[in-house]
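# Quick one, fold the following:
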Amino acid sequence: MHKIIISLRSSVFKRMLYNGMLESKNDEVKLQHVAVDTFNTFVEYAYTGKISVNVETVGKLLLFSDQYELKNLHTFCLKFIENSLSPENAIPYYMLSVEAHDEVLQDQCLKMMITETKEVITSKF
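Numbering: from 1, shown residues only. Got it, this is the predicted structure:
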């Protein structure tokens, strides 16, 4: 059942599971460099369309959603980051935005770092 659900949410998983790739023949997907909790959160999202994230988990989930072309989950993560952006997390979120190749988030973080320089520098990021 997971196969159908995750394929509906991700074009990458759909290609892996249905287009003659090794995973479709073995009916198994092995993910390297993906934390179990990140994948479990994705499965929860795939089934319910809802998840709970926090500043500690959203980064891994954003990168996962980017890698596996999960557009709705990616948008959800970006909205969470935008709403939680503060001087305390502007630098970590900026580094995440660079890794995720998200120029809009990069700009938002840079603006925060410029307008709130003192708070950013004195924060314990």
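# contacting residues around stretch 67-76?
With contact meaning C-beta atoms under 8 Å, 6 or more residues apart in numbering, stretch 67-76 is reached by 9-13, 42, 45, 49, 51, 53, 61-62, 64-66. In this view, the C-beta of every residue, glycine as well, is placed from N, C-alpha and C.
# Tell me which of those has the lowest pLDDT.
Among these, Phe13 has the lowest pLDDT, at 80.
# Could you grab the helix/strand/coil label for that residue?
helix (DSSP: H, G, I helix; E, B strand; the rest coil).
# That one against Ile6, yeah?
Yes - between Phe13 and Ile6 there is a contact under C-beta atoms under 8 Å: 4.7 Å.
# overlap in contacts of these two?
By C-beta under 8 Å, 6+ apart, no residue touches both Phe13 and Ile6.
# In this model Leu110 seems to touch Val120, though I could be wrong.
No - using C-beta under 8 Å, Val120 is not in contact with Leu110; the gap is 10.5 Å.
# Who has more neighbours out of the two?
Ranked by neighbour count (other C-beta atoms under 10 Å), Val120 and Leu110 place Val120 first, with 20 against 13.
# Mean pLDDT per helix and strand in this structure: which one sits at the bottom?
Least confident helix or strand, the chain: helix 22-26 with a mean of 56, by mean pLDDT, DSSP states H and E.
# Domain ranges for this structure, per the record?
1-70, 85-124 (the TED database).
# for the first one, the distance to its chain's centre please.
The chain centre lies 11 Å from the centre of domain 1-70; the measure is C-alpha atoms, centre = their mean, to the nearest Å.
# ok so, going back, of all the contacts of stretch 67-76, which two lie farthest apart?
Using C-beta to C-beta, the pair of those lying farthest apart is Ser11 and Val53, separated by 22.3 Å.
# between the two, who's got more neighbours?
Neighbours were counted for Ser11 and for Val53 using other C-beta under 10 Å; Val53 has more, 19 against 13.
# Now the residue positioned nearest the centre of the chain: which helix or strand?
Centroid check for the chain by C-alpha atoms, centre = their mean gives Leu62 as the closest residue, at 1.1 Å. In this assignment (DSSP states H and E), Leu62 forms part of helix 58-67.
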